[in-house]
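J.: return atomic coordinates for the entry below.
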Amino acid sequence: MEVEDILHNVKNDILDFKTQNPDWIVMIRGSTATGKSKLSVLLADYFPVEIISADSRQIFRYMDIWTDKISKDITDRIIHHQINIVNPDENYTAWQWQKDSETLITQILERWRIPFVVWWTGLYIDTLYKNFSMPEVEPDYSYRDILYKMEEETPWILHKKLQEIDPEEAMKLHPNSTRHIARALEIYEKTWKTKTESCIEQPVKWPILMIWLRREKEMANMKINRRIKEMFKLWLVDEVKMLLNKWYNLEHQAMNWIWYKEIVWYINWEYDLEKAEELLKRNTHHYAKRQRTWFRRYILDSHEFPKKDVIYKLYNLD
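T.: Modelled structure (predicted):
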């Protein structure tokens, strides 16, 4: 079933949900290359919506090609929020995203419109779906530098440290998820409370219609490969060069991520363009796999511990 074929069923789901809930939100979720943005834009032709991006990369200015940002002709027609709000050398935490998005949702509902939260960053969506009471801990970059140096000298040492302090949070994170592990250690360093103790799940603030889009692994990987080739045609290398010329580099959180760091390595003559494309595909496939693993937790959760004010709909794409 393709996205257009799903449209009819989702429209009916929205109409049914609307009759039961005066103030509510729609979440459209799925891993990379499952058609989330396309579906949200198609639905905007039928409903008065404003879209909130829950993508931790689309928040950054100047980073357009690899984040696959919505084109200007669409954003001129449909209001999009949480895109291009910070520079690549600035920090923007999940706590900030939660607070800003809750404000936006309230404003959108006051305009008698429907908030559509479209996402692929699980931590962002958890702040609404699980309504965490998150700690207001500002980033401490000096402390993070110490942690990153420790990890560089002894791989996976931070994960072992987190296992001792907060085993529940450590179970959720792969040992290579250095940034997320460092954040959990940072919270403990500043508050003497673990992230598990600090991030307490609460009832949702608004009823949620959760639309899941799932695509078979082989088809998803095929679409990822096609998208990466298209990125190169759209001058991905030139975009990275532009960012480097603006003095953004791999020390900045926004740049030290798949798609950008591989191109930086190519620009620095560490390998050729063919190798860069090969690494992009491989690393994106690995990232999509981690997303699918993350999403399976939601599916399991919806079956075993269904939330009172959340309606779950799962659609499999061809």
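
J.: I am assuming residue 157 contacts residue 148, so please confirm or correct that.
T.: No. Residue 157 lies out of contact with residue 148 (Cβ atoms under 8 Å); the separation is 11.0 Å. Any C-beta I mention is one placed from the backbone N, CA and C, and that applies to glycine too.

J.: so how far is residue 310 from residue 131?
T.: Separation of residue 131 from residue 310 (Cβ to Cβ, to the nearest Å): 11 Å.

J.: between these two, what contacts are shared?
T.: Common contacts of residue 131 and residue 310 (Cβ atoms under 8 Å, 6 or more residues apart in numbering): residue 204.

J.: picking up where we left off before, joint contacts of residue 157 and residue 148?
T.: By Cβ under 8 Å, 6+ apart, no residue touches both residue 157 and residue 148.

J.: what's the average pLDDT for the helix or strand hosting residue 187?
T.: Here residue 187 sits within helix 178-191, counting by DSSP states H and E. For helix 178-191, mean pLDDT is 92.

J.: name the helices or strands packed onto that helix?
T.: Judged by 3 or more Cβ pairs under 8 Å, 6 or more residues apart in numbering; DSSP states H and E, helix 178-191 is in contact with helix 141-153, helix 157-165, helix 167-172, helix 195-198.

J.: list the buried residues in it.
T.: Buried residues in helix 178-191, counted by 16 or more other Cβ atoms under 10 Å: 178, 180-188.

J.: by mean pLDDT, which helix or strand of this protein comes out lowest?
T.: Every helix and strand of the chain was ranked by mean pLDDT, DSSP states H and E. The lowest is helix 273-304, at a mean of 83.

J.: would you mind getting the angle between the helix holding residue 187 and helix 141-153?
T.: Counting by axes from the mean of the first three to the mean of the last three Cα atoms, to 10 degrees, helix 178-191 lies at 130 degrees to helix 141-153.

J.: and helix 178-191, how far out from the chain's middle?
T.: On the basis of Cα atoms, centre = their mean, to the nearest Å, helix 178-191 sits 19 Å off its chain's mean C-alpha point.

J.: keeping just the C-alphas, turn it into PDB.
T.: Extracted C-alpha coordinates of helix 178-191, given in PDB (Å, rounded to 0.1, in the frame of the first residue of the first chain):
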ATOM      1  CA  THR A 178      28.000   8.800  22.900                       C
ATOM      2  CA  ARG A 179      26.000  12.100  22.800                       C
ATOM      3  CA  HIS A 180      22.900  10.700  24.600                       C
ATOM      4  CA  ILE A 181      25.100   8.800  27.100                       C
ATOM      5  CA  ALA A 182      27.000  12.000  27.800                       C
ATOM      6  CA  ARG A 183      23.800  13.900  28.400                       C
ATOM      7  CA  ALA A 184      22.500  11.300  30.900                       C
ATOM      8  CA  LEU A 185      25.900  11.600  32.800                       C
ATOM      9  CA  GLU A 186      25.700  15.300  32.600                       C
ATOM     10  CA  ILE A 187      22.200  15.300  34.200                       C
ATOM     11  CA  TYR A 188      23.500  13.200  37.000                       C
ATOM     12  CA  GLU A 189      26.600  15.400  37.500                       C
ATOM     13  CA  LYS A 190      24.500  18.500  37.800                       C
ATOM     14  CA  THR A 191      21.500  17.200  39.800                       C
END
